[in-house]
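Peer 1: mind looking at a prediction? Sequence and model below.
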Amino acid sequence: MGSSAGEVIGVSDGEGDCAEWVFPAAPDAVRTARSLVRRTLGEWRLDSVGDIAALLVSELVTNALRHATGPIGVRLVRSPAAPAAAGVDGVLLVEVSDPLPDPPRERVARPDDEDGRGLQLVASAARRWGTRPGEAGKTVWFELALPR
């Protein structure tokens, strides 16, 4: 019996200020990841960033699925703001990991292209974003400012 992304491979769900999940590389991973991100942010009373976080996670998990065959990790970390950050109550760090070492390439999508906008969307909506190599593969991350 094959595994579907509706079943999560590994989970450390909502322990304090960090939640993480590992999904099989299956088509419903996107929907499951989006739903878990929304639910967790709701539990953390961060509904104000729930829609954009879920959208950006959807884009990054879709990118990972397009190229990776192994498990995809999603991690949320909530941290308080530095004292100098006026008007910001903290930062939400979101990470999406996959087993492919190649960093994603941002490209310019033409108006009639059906894909190619994921990283453009992340770059325009997130406070900061980037990629880093992992032990096996890479992690694409972004930060969202949490309003006071």
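Peer 2: Happy to help now that I have it.
Peer 1: sketch out the low-pLDDT regions of this structure for me.
Peer 2: 1-16, 81-88, 103-118, 148 (pLDDT under 70).
Peer 1: let's verify the residue nearest to the spatial centre of it: helix, strand, or coil?
Peer 2: The chain has Val57 as the residue nearest its centroid, 3.5 Å off, counting by CA atoms, centre = their mean. When classified by DSSP: H, G, I helix; E, B strand; the rest coil, Val57 comes out as helix.
Peer 1: the one 5 residues further on too?
Peer 2: Reduced to three states with three-state DSSP, the structure at Thr62 is helix.
Peer 1: list the residues that contact the nearest residue to it once chain neighbours are set aside.
Peer 2: Ranked by CB to CB, 6 or more residues apart in numbering and with sequence neighbours excluded, the top spatial neighbour of Thr62 is Val30, at 5.5 Å. No exception for glycine: its C-beta is placed from N, CA and C like everyone else's. Shown in contact with Val30 (CB atoms under 8 Å, 6 or more residues apart in numbering): 5, 58, 61-62, 65.
Peer 1: by neighbours, which of the residues you listed wins?
Peer 2: Val61 (28 neighbours; other CB atoms under 10 Å).
Peer 1: would you tell me what helix or strand the residue nearest to Thr62 is located in?
Peer 2: helix 29-43 (DSSP states H and E).
Peer 1: got phi/psi on Ala125?
Peer 2: With angles defined as degrees, to the nearest 10, Ala125 shows backbone torsions of phi -90, psi -30.
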